[in-house]
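Trainee: Have a look at this prediction, sequence included:
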Amino acid sequence: MSPYIINTLETKIARFEHLLSAAPITIYTRKPFADFGITFISNSVKELLGHEADAFIFFPDSWLSHVHPEDHPVVLENFHRILLGDATIIKYRFKMKDGQWKWIRDRAKLITDSAGRALEIIGGWTDMTELIQTEEALKQSEKKHRFLLEQVNAGVIVQTPDTRVVSCNRQATHLLGLTEQQLLGKSAADFEHVFINEDGTLTALDDFPVNQVIDTHKAVKSRVLGIERSDIDEIVWVMVNAFAEFDNNGGIGVVNTTLIDITPHIKSQEKIHRLAHYDSLTQLPNRVLINERIEQAIHYSYRENKSFSLLFLDLDDFKIVNDSLGHHYGDALLRQVAQRLEHSLRETDSAGRLGGDEFVVILNNTNADGAAAAAQKIIHLFKDPFAVDGQVLSIQTSIGISIYPKNGCDSNTLTRHADIAMYHAKQEGRGRFSFFDFKMNTRLEYRLGMERELRLAIEENQFLVYYQPQIDLTSERIIGIEALIRWRHPQRGMISPADFIPVAEDCGLINPIGEWVLRRACEDMKTWQASGFAPLKVAVNLSLRQLQEGTLFNKISNILAQNGIAGSQLELELTESVMMENHSVTLNFMTQCKDLGIHFSIDDFGTGYSSLSYLTKLPLLDKLKIDRSFIQELFKNNDANTIVGAIVNMAKSLRLKVIAEGVETEQQLDYLRDCGCDTVQGFYFSPPVSYEALTQLLAQEELIA
Ligand SMILES: Nc1nc2c(ncn2[C@@H]2O[C@H](COP(=O)(O)O[C@H]3[C@@H](O)[C@H](n4cnc5c(=O)[nH]c(N)nc54)O[C@@H]3COP(=O)(O)O)[C@@H](O)[C@H]2O)c(=O)[nH]1
């Protein structure tokens, strides 16, 4: 045996005791029953608790009195587990020599003999103070962290790489409408809510921010998502940011997602969008949205090689409703029209209001046949009158149709062409539809251009009034004049009223223009009278639209009064069609005028109804003007002579005066005199002339007289 290896029992114990006291653990043994008194404890207990080992050895049951009373149940319960064979680890507080409490960890197990009988309990105590303090600090920090998390105005969700929620704050549960319990442990695929993207499409699972972060290892920033919850009707809109926290190996530890509630912001954005894209009166899409929809229809039809149709609607004589009943009625009528229109359309079609009384309908995937059927259906919608505040209003619409791609490949062209076709429908008699035809284009563009120029002409005073004398066949003197408008266009020179009056009538500009002619004529009459010329009668042409305006009588009586002209010096010329188409309106107007002594003549007689019986229905008529087409046929066509003779006779029997227009030759003049015609007008005596030229003619007459 080596002299260096001393292996007596004594040395073994000494070595063992040294090892025990040097170990960072205080080893003990205790009885496996009764008071579980300590039978051995290593000296390191002095360092751990300040107590001598002997204190426990001599007083084996004193140890329990050093255990914190609150921890007694834990400690005692632990013995039962140990006796059942469990190796246990528990923490509890132990009173040190100096009276302070120290957290110790007690790890113990039961030692048995080969027959399984309990011999003793062996265990070890270690100092846990530092660990407990760290744990406590950690708890405090977590509490603080949690507190802060609850204070932030954002939902926070922490998920593991398999998307399971491990933590969330109250705001997150609030936004998702779930409790913390419902949320914790849930993975992305488990959410029953529907998530939608900003454009309204569904968000696919792969596209969830958490999955994107996991897939790409990159943060998702400022993504807008809508949450469709089953418990509320409204969509909750959130701004989502998500980022990963990486572990030491570069793998994802957790993904943090923040959700900021932006519902109010989205709602006001929606409001702004609505204002910018919908008509506030009818709630139909406005011009901006309609254009977008036409563009969409173009893209779709181009891709799918299909056609679609655009219907342009304009209500016929809507202005009359507005002018005669007021805007309140006009607005209510437009709302009802919009409703009827919307209800009649298929889901794939859309209607919008461009402004005023103009509407547009887009018929997706529809060819010319389909468009014709739809247009007919829409026209039929107007068959039943509209009831507005107790008033029954009847109105119809004219519709123009353009077809993609045949009539245009962009929104502007298609709309313009449908508009042109609509004008054509109006020309054809209103309450009907027309398809666009490229031939209409130039004609209508000319008309639309003229409308623009007419407005400018009114502003810039480009109109003149010419006067054509009317000669009494008995005295062969000028007894009246007809006021005829002229347009001196700055570039195109004189434009005939035959070219621009129909356009002015169509677009309503005849009202200001007609009023201007009347005023000018009365002002000129006033000047002639003031210059000493004998009082004349002036004939002024009236259009149907002027009568329909409803304010014409007041305007006329004001103009007469302002210029000191007697009503008997004014003659109003109405055409046959004006008289017949609006019998009651015309009769009412004529009755009012008659009280002022105003005369009426029927213009272009013989060209319209060619029925003499209606004359008997117009008792307020004074004169009949034979159209120049008959006069110019005299002696060329025998029938013309017979007709003119018959007209004069018939007029006489109805006690009407007769004037013949367009007299160019002496032969015509003689025939008319022989027939008993009262007055003539025509180039034979004078063409329509300017104010100055007529002044000279009147002066010559005075000299002759
Ligand atoms: N609503 C309004 N209509 C108006 C007004 N001013 C004119 N008009 C209408 O425009 C049409 C064309 O008028 P105009 O070119 O002036 O032609 C008139 C005469 O110039 C023409 N005339 C007269 N004598 C002769 C003639 O011997 N030969 C011939 N070839 N033409 C002649 O006839 C027109 C007279 O028209 P009217 O007596 O009114 O029928 C025309 O329909 C005008 O009514 C306006 O202010 N408002």
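Mentor: Cool, the structure landed. Numbers count the residues shown, from 1 in each chain.

Trainee: Enumerate the residues of the stretch 351-500 of the chain near the ligand.
Mentor: 468, 482, 484-485, 496-498 (CB under 6 Å from any ligand atom). From N, CA and C alone the C-beta is placed, and that goes for glycine too.

Trainee: Compare the residues you listed and tell me which is most surrounded.
Mentor: Highest neighbour count within those: E482, with 24 neighbours (other CB atoms under 10 Å).

Trainee: how about the strands of the stretch 51-200 of the chain, start to end?
Mentor: 88-95, 101-112, 118-127, 155-159, 165-168, 194-197 (DSSP state E, counting those that start in this stretch).

Trainee: could I get those as JSON lines with mean neighbour count and distance to the ligand?
Mentor: Listed next are those as JSON lines, based on neighbours: other CB atoms under 10 Å; distance: least, CB to the nearest ligand atom, whole Å:
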{"stretch": "strand 88-95", "mean neighbour count": "18", "distance to the ligand": "109"}
{"stretch": "strand 101-112", "mean neighbour count": "17", "distance to the ligand": "110"}
{"stretch": "strand 118-127", "mean neighbour count": "18", "distance to the ligand": "115"}
{"stretch": "strand 155-159", "mean neighbour count": "22", "distance to the ligand": "73"}
{"stretch": "strand 165-168", "mean neighbour count": "18", "distance to the ligand": "80"}
{"stretch": "strand 194-197", "mean neighbour count": "16", "distance to the ligand": "61"}
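
Trainee: Between those strands, which one is closest to S21.
Mentor: Proximity to S21 (CB to CB) singles out strand 118-127 among those, at 13.1 Å.

Trainee: List the pairing partners of the closest one within its sheet, with orientation.
Mentor: Sheet pairing for strand 118-127, assigned by DSSP bridges, gives strand 26-30 (antiparallel), strand 101-112 (antiparallel).

Trainee: any idea of the mean pLDDT for it?
Mentor: Averaged over strand 118-127, pLDDT sits at 94.

Trainee: Kindly report the same for stretch 459-471.
Mentor: The average pLDDT within stretch 459-471 is 97.

Trainee: Stretch 575-591 now?
Mentor: Computed over stretch 575-591, the average pLDDT equals 79.

Trainee: Please determine whether that stretch lies in contact with the ligand.
Mentor: No. Against the ligand, stretch 575-591 shows no contacts by CB under 6 Å from any ligand atom, the least distance being 8.1 Å.

Trainee: now the residue lying closest to E451 once chain neighbours are set aside: how far from the ligand?
Mentor: Sequence neighbours aside, C507 is the residue nearest to E451 in space, at 4.9 Å (criterion: CB to CB, 6 or more residues apart in numbering). With distances taken as CB to the nearest ligand atom, to the nearest Å, C507 is found 14 Å from the ligand.

Trainee: what about C507, how many neighbours?
Mentor: Residues within reach of C507, counting by other CB under 10 Å, total 18.

Trainee: Pull the number of nearby residues for A172.
Mentor: Using other CB under 10 Å, A172 has 23 other residues around it.

Trainee: pLDDT score for the closest residue to it other than its chain neighbours?
Mentor: Leaving aside its sequence neighbours, A172 sits nearest to G155 (CB to CB, 6+ apart; 3.2 Å). Per-residue pLDDT puts G155 at 93.

Trainee: For the protein, give me the ranges with low pLDDT.
Mentor: 1-7, 580-582, 607-614, 616-617, 703-705 (pLDDT under 70).

Trainee: how about a markdown table for the residues of the stretch 351-500 of the chain next to the ligand, with secondary structure added?
Mentor: Below are these laid out as a markdown table (DSSP: H, G, I helix; E, B strand; the rest coil):
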| residue | secondary structure |
| --- | --- |
| Q468 | strand |
| E482 | strand |
| L484 | strand |
| I485 | strand |
| S496 | coil |
| P497 | helix |
| A498 | helix |
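
Trainee: sorry, back to before: am I right that the residue nearest to E451 is in contact with G449?
Mentor: No. Look at C507 against G449 with CB atoms under 8 Å: they stay out of range, at 12.0 Å.

Trainee: nearest to N322, of the strands paired with strand 118-127?
Mentor: strand 101-112 (90.7 Å).

Trainee: How about residues contacting the closest one?
Mentor: Defining contact as CB atoms under 8 Å, 6 or more residues apart in numbering, one finds that strand 101-112 is touched by 32, 48-49, 68, 75, 78, 82-83, 85-96, 118-129, 131-132.

Trainee: and that strand, how far out from the chain's middle?
Mentor: Distance of strand 101-112 from its chain centroid, counting by CA atoms, centre = their mean, to the nearest Å, is 76 Å.

Trainee: how big is the angle separating it from strand 88-95?
Mentor: 140 degrees (axes from the mean of the first three to the mean of the last three CA atoms, to 10 degrees).

Trainee: Now strand 101-112 - C-alpha only, PDB.
Mentor: The C-alpha trace of strand 101-112 is given here as PDB (Å, rounded to 0.1, in the frame of the first residue of the first chain):
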ATOM      1  CA  TRP A 101     -35.800  35.000   6.600                       C
ATOM      2  CA  LYS A 102     -33.900  33.200   3.800                       C
ATOM      3  CA  TRP A 103     -35.400  31.400   0.800                       C
ATOM      4  CA  ILE A 104     -33.900  27.900   0.600                       C
ATOM      5  CA  ARG A 105     -34.400  25.100  -1.800                       C
ATOM      6  CA  ASP A 106     -35.000  21.700  -0.200                       C
ATOM      7  CA  ARG A 107     -34.300  18.700  -2.400                       C
ATOM      8  CA  ALA A 108     -35.100  15.400  -0.700                       C
ATOM      9  CA  LYS A 109     -35.800  11.700  -1.200                       C
ATOM     10  CA  LEU A 110     -36.400   8.600   0.900                       C
ATOM     11  CA  ILE A 111     -33.800   6.000   1.500                       C
ATOM     12  CA  THR A 112     -35.100   2.400   2.000                       C
END
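
Trainee: Would you state the helices of the stretch 401-550 of the chain in chain order?
Mentor: Residue ranges of the helices in the stretch 401-550 of the chain, as given by DSSP state H, counting those that start in this stretch, are 411-427, 438-459, 497-507, 510-530, 544-548.
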